[in-house]
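K.L.:
the following comprises the amino acid sequence and a computationally predicted model.
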Amino acid sequence: MLELGPHVRFKTLYSIFEIEGGSGELCLTKGLYKQFPQAYCAFDPAAQSVAHTGSEVVEEALREACLYQITATSAKDLPDSEFSKEFWQYHMLMADPQKGCFFNGEGRHEWGESCSMRLMSEILSSGQMKLLKECIDGPQGRQLLDVSKSNRTWGPIALRVNGARFSGNLDVETAMRVICASTKDPNTDRYRAPECEKLMIEVHKEEAPWLRDAPDWQNFFLVLLFLGIIAACAVALYYRVAKQRLLQEVRREVNAEIQQQIQQYYEMNEERAPPARRGLERQPLVVP
């Protein structure tokens with residue numbers, strides 16, 4: 001999303017709901033939310049960790065919603081845009097194996113408020129951190145949670161692009177492809193966001209790793225020339241070998257023919273003329 005920047009207006013919604021008889025394990029009950037002990041709840045992340053509760057999930061959703069709210073800005077050439085670079089930087093840090101926060105992490109890397117605020121302090125200025133805390137502790141944060149609560153999604157992780165619901169396996173590459181495809185102009189076959197041209201190529205490279213080191217035109221022609229030389233050498237070698245085999249075959253056939261003629265040969269009997277009679281002279285035959 002950092003590459004697309006303001007070309008995408010992003011709206012985050014979290015799985016927040018209200019239940020009767022809310023408890024401190026499922027529902028947010030700190031500070032302002034003591035007045036609403038069952039209004040803002042979430043499921044426990046039991047699949048990832050048994051040590052964390054639904055109330056911590058609500059707290060994280062509140063922090064992320066406030067982070068986006070105080071940092072989202074519009075681009076000069078796109079007045080209707082809304083983009084928060086800090087929001088995506090935070091999520092990149094969360095997944096960083098050296099700095100991130102994880103359900104099975106220990107110490108400063110354990111998922112929770114302490115680790116989350118540490119990461120946010122790395123990407124926000126002191127003034128922005130002050131605004132963030134005011135949003136978390138004040139009515140502005142509650143309004144953001146109300147937006148999520150009133151816009152329930154059809155699944156824990158869901159995506160809607162230009163009002164259309166996306167169904168299927170949702171990962172980074174798929175989300176990029178869907179978002180960029182929605183901005184493609186069918187007349188020109190080009191994307192509205194120039195960044196999508198490169199992003200779609202990168203996505204295809206992830207799907208087909210053999211495209212990652214695709215050669216440029218110069219290298220392509222060099223490789224083509226090299227293959228042509230190899231093909232010419234192969235043809236010449238084949239011609240030479242074929243010629244030698246042909247000569248050997250001819251010699252073999254000639255030798256076989258000679259052997260056959262020798263086997264069929266026999267001594268010829270010459271008929272000798274009788275000796276001439278004595279006393280008679282041979283005279284030539286004269287024809288008048």
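P.N.:
Cool, got the structure. Numbers count the residues shown, from 1 in each chain.
K.L.:
now the helices for the stretch 101-250 of the chain?
P.N.:
113-123, 126-137, 139-150, 172-181, 195-207, 217-264 (DSSP state H, counting those that start in this stretch).
K.L.:
so for Ala39, which of these sits nearest?
P.N.:
helix 139-150 (7.9 Å; CB to CB). For every residue, glycine as well, the C-beta is placed using N, CA and C.
K.L.:
test my guess that Ala61 contacts Val147.
P.N.:
No - at 10.9 Å, Ala61 and Val147 do not qualify as touching, with contact defined as CB atoms under 8 Å.
K.L.:
returning to that earlier point: just checking, which of the helices of the stretch 101-250 of the chain comes out with the lowest mean pLDDT?
P.N.:
The minimum mean pLDDT among those belongs to helix 195-207 (a mean of 60).
K.L.:
the nearest residue to Val161 once chain neighbours are set aside and Ser15, how far apart?
P.N.:
Excluding its sequence neighbours, the residue lying closest to Val161 (CB to CB, 6 or more residues apart in numbering) is Ser182, at 5.1 Å. Ser182 sits 24 Å away from Ser15, going by CB to CB, to the nearest Å.
K.L.:
so which of those two has more stuff around it?
P.N.:
Taking neighbours as other CB atoms under 10 Å, Ser182 and Ser15 compare with Ser15 leading, 19 against 16.
K.L.:
contacts only, for the more buried one.
P.N.:
Going by CB atoms under 8 Å, 6 or more residues apart in numbering, Ser15 touches Ala42, Phe43, Ser148, Arg152, Thr153, Pro156.
K.L.:
show me which of those residues are buried.
P.N.:
Taking 16 or more other CB atoms under 10 Å as the criterion, what is buried in the contacts of Ser15 is Ala42, Ser148.
K.L.:
so which of the contacts of Ser15 comes closest to Ser114?
P.N.:
Ala42 (19.1 Å).
K.L.:
show me what contacts that closest one?
P.N.:
By CB under 8 Å, 6+ apart, the contact list for Ala42 reads Tyr14, Ser15, Ile16, Phe17, Leu26, Gly54, Ser55, Val57, Val58, Ala61.
K.L.:
any chance of these in a markdown table with pLDDT as columns?
P.N.:
Below are the contacts of Ala42 laid out as a markdown table (pLDDT from 0 to 100):
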| residue | pLDDT |
| --- | --- |
| Tyr14 | 87 |
| Ser15 | 86 |
| Ile16 | 89 |
| Phe17 | 89 |
| Leu26 | 86 |
| Gly54 | 87 |
| Ser55 | 89 |
| Val57 | 90 |
| Val58 | 92 |
| Ala61 | 92 |
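K.L.:
coming back round to it: wait, which of the helices of the stretch 101-250 of the chain is closest to Arg165?
P.N.:
Among the helices of the stretch 101-250 of the chain, helix 172-181 comes nearest to Arg165, with 10.9 Å by CB to CB.
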